[in-house]
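Asker: Structure for this input, please:
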Amino acid sequence: MKLYNNNNKIIFKKITSVICGNKLKSLTKKYNTDYRAQHFYTESHILSMIYLQLSGTQSLNGLVDKIKHSPKLQSMINSASLSQISRKNASRDYRVFEDVFYEVLNIAKRKLGITVLNKHFKEIKAIDSTIIQIASTLAPKLNYENGKSGLKISTLLNISSKLPEKVEIVPARTNDRKCINGFISDKNALYLFDKGYYDYSWYDNLSDNGYKFITRQTSNAVTEEISSTYVDNDLVFDYEVTMGTDYSSNKTKNTYREILTFDENEEEVRILTNIFDIPAEEILLLYKLRWKIELFFKWIKQNLKIKKWLGYNENAVKIQIYSALIAYVLLMLFKLLIKSKLSILQFTRVIEINLLEEVEIMRLLDG
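Answerer: Below you'll find the predicted structure:
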């Protein structure tokens, strides 16, 4: 996929030009997603779902109406009926959207680069998940608790580049630890995750393989103190510990570092890490960067079409989620292209109302 085609003048066409071409044809062939397409081909499907995300369109009906009454959109997207789009969301292999997301992500990683946030680590990455609920009557197969249905989006967010590097979309009932295979693979990075991922044998495995992490201890974690280190701060305590008990099969074979402090409500906060050569207060500051992934989830929920579902089988929901993620990365890339100084939120709003204008208007609006 090429970064951008200089012949594209309409903003939407410029933004999405990176996902068209031979690579998309190859993915279409790989998953046979143009079989019985009825003139609503894979490329048009992907572009229409991205347009829905970027334009703030609230429904498939609204999308159909906009395409039907816009010559500019019709020059890029084959018109389809509401029933056609609904059927394709339900049946066209979502993996073509998933692969397009990773192709666009790879371009963004090369172009956007990274911001070094800490002298000890080239990159800092956070792991977390969020559940998107669906009415249980609409998606009974995705039921997970108390009559609720939903999907879980597990994400590895590169805080240094602001990009979601890996995404796993699974039924909400899936255990957090089972959603992140392959997420940790860079020994030069620091990984941050919360107490929902606690697993002593996993901590040992990460440590034995040279991966650095900071996490939060569960409140009922049992530890045995090996030694302590003085910290010149009355609210911070630094210990070397093992976790678990001798009479339990769940005990760490390695020692770890537990840093105890207190939050604004004077409640204990126990931070665990396998890093021993960085001051305790700096470890606490590094862990606070994990909040960036919470902000990422909040942003995509508030600014992209991801909370109100357009279809209710798992395939349709995954297509909608990957379309939102593709839209997010495309916005980041286009913001870089025109050297915008706007915040990503401001930029998104400007894009929404100017999608079918020519690129030059963005340069005027952005100063």
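Asker: drop to CA atoms for contacts and neighbour counts, all remaining ones
Answerer: Noted.
Asker: Mind listing residues that contact the strand or helix carrying residue 282?
Answerer: Per DSSP states H and E, residue 282 falls inside helix 280-288. Helix 280-288 is contacted from outside by 192, 214, 215, 231, 236, 238, 259, 271, using C-alpha atoms under 8 Å, 6 or more residues apart in numbering.
Asker: isn't the second one right up against residue 272?
Answerer: Yes - taking contact to mean C-alpha atoms under 8 Å, the distance of 5.8 Å between residue 214 and residue 272 places them in contact.
Asker: if we can go back for a sec, from the contacts of helix 280-288, keep the buried residues only.
Answerer: By neighbour count, with 16 or more other C-alpha atoms under 10 Å, the contacts of helix 280-288 hold 192, 214, 215, 236, 238, 259, 271 as buried.
Asker: ok, which pair from the residues you listed is furthest apart?
Answerer: Spatially, the most separated pair among the buried ones among the contacts of helix 280-288 is 192 and 236, at 19.6 Å (C-alpha to C-alpha).
Asker: looking at this, residue 43 is in a helix?
Answerer: Yes - assessed by DSSP: H, G, I helix; E, B strand; the rest coil, residue 43 belongs to a helix.
Asker: Retrieve the pLDDT associated with it.
Answerer: Residue 43 carries a pLDDT value of 96.
Asker: Compute the number of surrounding residues for it.
Answerer: Neighbour count of residue 43, defined by other C-alpha atoms under 10 Å: 19.
Asker: any idea how far it lies from residue 174?
Answerer: To residue 174, residue 43 is 32 Å away according to C-alpha to C-alpha, to the nearest Å.
Asker: Closest one of the buried ones among the contacts of helix 280-288 to residue 342?
Answerer: Checking the buried ones among the contacts of helix 280-288 against residue 342 with C-alpha to C-alpha, the nearest one is residue 192 at 28.3 Å.
Asker: So the closest one, which state does it fall into?
Answerer: strand.
Asker: Surely it and residue 155 touch.
Answerer: No - using C-alpha under 8 Å, residue 192 is not in contact with residue 155; the gap is 11.8 Å.
Asker: Give the intersection of the neighbour lists for the two.
Answerer: By C-alpha under 8 Å, 6+ apart, the residues touching both residue 192 and residue 155 are residue 127.
Asker: Which stretches in the chain count as helices?
Answerer: Using DSSP state H, the helices of the chain run over 11-16, 22-31, 42-55, 60-68, 71-74, 82-91, 95-112, 200-208, 280-288, 291-303, 314-337, 344-354, 359-365.
Asker: Which of those helices sits closest to residue 145?
Answerer: Per C-alpha to C-alpha, nearest to residue 145 of those: helix 314-337, 17.2 Å.
Asker: Just the buried positions in that closest one, please.
Answerer: Neighbour-count burial for helix 314-337 [16+ other C-alpha under 10 Å]: 314-335.
Asker: Now do stretch 184-196: distance from first to last residue.
Answerer: Taking C-alpha to C-alpha, stretch 184-196 runs 16 Å from one end to the other.
Asker: wait, what's in contact with residue 67?
Answerer: Taking C-alpha under 8 Å, 6+ apart, one finds 73, 74, 77, 79 in contact with residue 67.
Asker: Got the phi and psi for the third one?
Answerer: Main-chain torsions, residue 77, degrees, to the nearest 10: phi -130, psi 130.
Asker: My understanding was that it contacts residue 49; is that so?
Answerer: No - if you go by C-alpha under 8 Å, residue 77 and residue 49 don't touch, sitting 10.4 Å apart.
Asker: Looking at these two, which one has more neighbours?
Answerer: Using other C-alpha under 10 Å as the criterion, residue 77 and residue 49 rank with residue 49 on top: 25 against 20.
Asker: How about the more buried one, nearest residue that isn't a chain neighbour?
Answerer: Leaving aside its sequence neighbours, residue 49 sits nearest to residue 323 (C-alpha to C-alpha, 6 or more residues apart in numbering; 6.1 Å).
Asker: Please name the residues that touch the one you found.
Answerer: With contact taken as C-alpha under 8 Å, 6+ apart, residue 323 is in contact with 46, 49, 50, 53, 97, 101.
Asker: now the contacts of helix 280-288 as TSV including pLDDT and distance to residue 33?
Answerer: Formatted as TSV, the contacts of helix 280-288 follow (pLDDT from 0 to 100; distance: C-alpha to C-alpha, whole Å):
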residue	pLDDT	distance to residue 33
192	98	37
214	98	42
215	97	41
231	93	60
236	95	57
238	96	56
259	97	52
271	97	47
